[in-house]
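Asker: Output the structure for:
(chains A and B)
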Amino acid sequence: MLDGLILGFHTVLSLENLVLVLAGCAVGTIIGMLPGLGPISAIALMIPITYGFDPASGMILLAGVYYGAIFGGSTSSILINAPGVAGTVATSFDGYPLAKSGHASKALAIAAYASFAGGTIAAILLVILAPYLAELSLGFQSADYFVLMLLGLCLVAAFATNGEYLKALLMTCFGLALSTVGTDLTSGVQRFTFGQMDLIDGISFLLLAMGTFAMAEALLMVIRGPEASFTGLRAPSMMLERQEINDISPVVGRSSVLGFFVGVLPGAGATIASFLAYGMEKNLAKDGDQFGKGNIKGLAAPETANNAACTGSFVPLLTLGIPGSGTTAVLLGALIAYGIQPGPRLFIDQPEIFWAVIASMYVGNLFLLVLNLPLIPYIAKILTIPRTLLIPIIMFFSLMGVYLVSFNTFDIQILAIIAIFAVALRLMAFPMAPLLLGFILGSILEDNLRRAVTLADGQWSFLWERPITLCLILLTIVVLFSPLVRKLFRR
Amino acid sequence: MKYNDNKLGASILLALFIAYVYFIGDIHLDFWAEEETFHARTFPYLIGFAGITLSVLTLILTSDSTGTALPGLQRLPSALMLVVMVSGYGLVLDVLGFIITSILFLMGSFTILGERQWLRMSITATALVVCFWLLMSSLDIYLASGIWWDATE
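Answerer: Below you'll find the predicted structure:
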């Protein structure tokens, strides 16, 4: 293992590959900041450029783009509440309120430190555990995935303030309902399209995210008036106080491990990891009621977890040849285009590629930190733009985010409708995060439930037949009723 | 203005879920699919009934005293005009093209929000749109050029 790692660093630390990591991180960060262009688009755009390089260098560049895009997505989440990718939605819950209260530089710095720590810890775990985890993740069946998703949905309790638990569950259901719009991929049947061709592919995630977050936030800024807008850059310093470091250190440790293990599971990925980490930390924190109001722990947890999950998602890709997410599916395509078949033989046949990608994770995370920290004060200055100019600019980027996904102007009309609806519900204090989580997990939940029911011959006994499923079910029940139990204990 | 936000929101969602369950009947099923344990209507039914149950529970269990003052009614027209701008953007984008539509959208929105420094508005809108267009062009991403421009080519 050590020999392999030395070989990997030897490959990465050549001048050419160092430049490629740096370029990948920089390009990824810029593309990731643009709403609508997430890591998948960023990597897809860069693949043709890598054809001129040898496979190891190509993969190093693409891995740099991946991390950079995730970090860039966090920047737009924090500064303008416009999460460009699903994995950075949870970052905006506390990142945006922090930026709004004048601590944008600090929020961006925490995101950079947390991403670095999450990525680095996960890379260490990857080196040690990759072969064992690959075997274990193959043991996960549809029933386990279904219950895991259910657990993730029940963690909406974490997004609910006192007495708002039912509303959070209700919004989750609404998100699940929206996820069923479009063509059912298994049967090919259209659902809730009302004869509209434009709805055949369903509602895109980005459309919903932009409508409920960025566009709705811009409209709410108008409705609430200047007093509700940004309070400027009160504390341009990025330095964290000792107490703040003590507060977030255990959060970063826990979220790294959680994010990595969730990332290893094919189909789970950065989104579920970030939501689970946020939920876990909110439940563990003594000041859990401050989550969603600019709590640094609420920012550090998802930001660490999503980066750790990105690293974790390389486990099934490199060891089994199974892409764990959309992004790793694109990376798999790139590997195959280079003439490389990922799988158990990759370790043996082309160790320089396997270990170079792992070594590039360490170097890439370090470069991201070095590259982004000096730029943070300048990036944060976006918030000093007068609100009469900033609000339309946010709306413009939201529009572009939606348009660049489908190039269909019908989506812009849907965006306007969703934004009106989201504003009304947000004024009535209905949370939007559970809606988005329900929407993201809806199709995966249905697929796994369908498979589990079919495999069990239409019986529901799959829920308790296997120990792992039963454990997850019990955990889900505990989480589901935890607010009720907490209320009883308080009495 | 005081109103009960929980009950109003829950009522809206209850109505939507009832409509959702109603429209499940419109989902076409082939004759063999109807015999299957899990088909295209199964998951929507589960969600629909869960949604109705939760809406009713929210209506019954949430307190009456959570009403909040609806803020900024006087600023509502500006917000609505911005929504109209968004919708208008979608309607004219393919006709006027990305650059003209985007500049008009930004200038119009700046004006709605009370900005009156025309030079600042023009420079901001034009610079932002042109930079974005250049960036997308460098990445080989197509942005609508407009029917007039297409006709001249």
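
Asker: quick one: low-confidence ranges for chain B?
Answerer: B:1-3, B:63-73, B:153 (pLDDT under 70).

Asker: domain parsing for it?
Answerer: As given by automatic domain parsing, the domain ranges for chain B are B:2-69, B:73-152.

Asker: same for the helix or strand harbouring residue B:51, what does it pack against?
Answerer: Residue B:51 is part of helix B:42-61 when elements are defined by DSSP states H and E. The contact analysis (3 or more C-beta pairs under 8 Å, 6 or more residues apart in numbering or on different chains; DSSP states H and E) places helix B:42-61 against helix A:165-179, helix A:433-455, helix B:5-24. (Each C-beta comes from the backbone N, C-alpha and C, glycine too.)

Asker: which of those sits most buried?
Answerer: Among these, helix A:165-179 has the highest mean neighbour count (mean count of other C-beta atoms under 10 Å in any protein chain shown), at a mean of 25.

Asker: Look at stretch A:377-387 and report the distance between its end residues.
Answerer: The first residue of stretch A:377-387 is 19 Å away from its last residue (C-alpha to C-alpha, to the nearest Å).

Asker: Pull out the buried positions in it.
Answerer: Applying a neighbour-count criterion of 16 or more other C-beta atoms under 10 Å in any protein chain shown, one finds A:377, A:379, A:380, A:382, A:383, A:387 buried in stretch A:377-387.

Asker: From these, list the ones also adjacent to chain B.
Answerer: Taking C-beta under 8 Å from any C-beta of the partner chain as the test, chain B is in contact with residue A:387 out of the buried residues of stretch A:377-387.

Asker: out of the buried residues of stretch A:377-387, who's nearest chain B?
Answerer: residue A:387 (7.3 Å; C-beta to the nearest C-beta).

Asker: Assess the claim that that closest one and residue A:221 are in contact.
Answerer: Yes: under the criterion of C-beta atoms under 8 Å, residue A:387 makes contact with residue A:221 at 6.7 Å.

Asker: Quick check: residues of the stretch 51-200 of chain A near chain B?
Answerer: Within the stretch 51-200 of chain A, the positions near chain B by C-beta under 8 Å from any C-beta are A:163, A:166-167, A:169-170, A:173-174, A:176-177, A:180, A:184, A:186-187, A:189-192.

Asker: do that again at 6 Å, thanks
Answerer: By C-beta under 6 Å from any C-beta of the partner chain, the residues of the stretch 51-200 of chain A that approach chain B are A:166, A:169, A:170, A:173, A:176, A:177, A:180, A:184, A:187, A:189, A:191.

Asker: Now the phi/psi pair for the nearest residue to residue A:96 once chain neighbours are set aside, please.
Answerer: For residue A:96, ignoring the flanking residues on the chain, the nearest one in space by C-beta to C-beta, 6 or more residues apart in numbering or on different chains is residue A:81 at 4.3 Å. Main-chain torsions, residue A:81, degrees, to the nearest 10: phi 60, psi 30.

Asker: just residue B:132 next, same as before
Answerer: The phi/psi pair for residue B:132 (degrees, to the nearest 10) reads phi -60, psi -40.

Asker: and residue B:78, how many neighbours does it have?
Answerer: If you count neighbours by other C-beta atoms under 10 Å in any protein chain shown, residue B:78 ends up with 18.

Asker: any idea how far it is from residue A:346?
Answerer: Relative to residue A:346, residue B:78 is positioned 58 Å away (C-beta to C-beta, to the nearest Å).

Asker: Then residue A:217?
Answerer: Residue A:217 is 44 Å from residue A:346, by C-beta to C-beta.

Asker: who has more neighbours, those two?
Answerer: Using other C-beta under 10 Å as the criterion, residue A:217 and residue A:346 rank with residue A:217 on top: 24 against 20.

Asker: any idea how far that one is from residue A:127?
Answerer: Distance, residue A:217 to residue A:127, using C-beta to C-beta: 41 Å.

Asker: Sounds good, over and out.
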